[in-house]
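K.L.:
I'd like to go over a predicted model; first the sequence, then the structure.
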Amino acid sequence: MKTTLEISDPLLREARKVAARERTTLRALVEQGLRRVVAEKKQASVFRPRKATFKGRGLHPEFEDAGWDSLRALIYEGHGG
């Protein structure tokens with residue numbers, strides 16, 4: 001796909017020098033840079049839930065040794081789960 005970009009003159013001159021030194025095209029250099037930035041942004045945008053706490057005294061003693069299956073059964077008890 002063709003597109004038009006406005007790049008500062010000094011940056012464009014440096015990019016052309018790098019492309020010539022590496023025996024590649026300016027287009028390939030720009031694509032390489034964009035791929036790198038896009039990959040970094042994908043990694044940086046990993047969802048991290050915010051820390052949430054509730055006032056109370058923690059887990060009730062009767063549930064301390066309960067496994068997930070028994071907790072789930074208690075949660076959905078009477079609700080068709």
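P.N.:
Everything's here; your move.
K.L.:
and the helix or strand containing residue 14, how far from the chain's centre?
P.N.:
Secondary structure assignment for residue 14, by DSSP states H and E: helix 9-21. Relative to the mean C-alpha coordinate of its chain, helix 9-21 is positioned 31 Å out (Cα atoms, centre = their mean, to the nearest Å).
K.L.:
distance of residue 39 from residue 20?
P.N.:
Note on residue 39: its distance to residue 20, by Cβ to Cβ, to the nearest Å, is 25 Å. (Each C-beta comes from the backbone N, C-alpha and C, glycine too.)
K.L.:
ok, back up a step: so what does the helix holding residue 14 touch, helix or strand wise?
P.N.:
helix 26-44 (3 or more Cβ pairs under 8 Å, 6 or more residues apart in numbering; DSSP states H and E).
K.L.:
any low-confidence regions in the protein?
P.N.:
Along the chain, segments meeting pLDDT under 70 span 45, 81.
K.L.:
again, 90 this time
P.N.:
In the predicted model of the chain, residues 1, 39-68, 70-75, 77-81 satisfy pLDDT under 90.
K.L.:
and stretch 2-20, how far out from the chain middle?
P.N.:
On Cα atoms, centre = their mean, the centre of stretch 2-20 falls 29 Å from the chain's centre.
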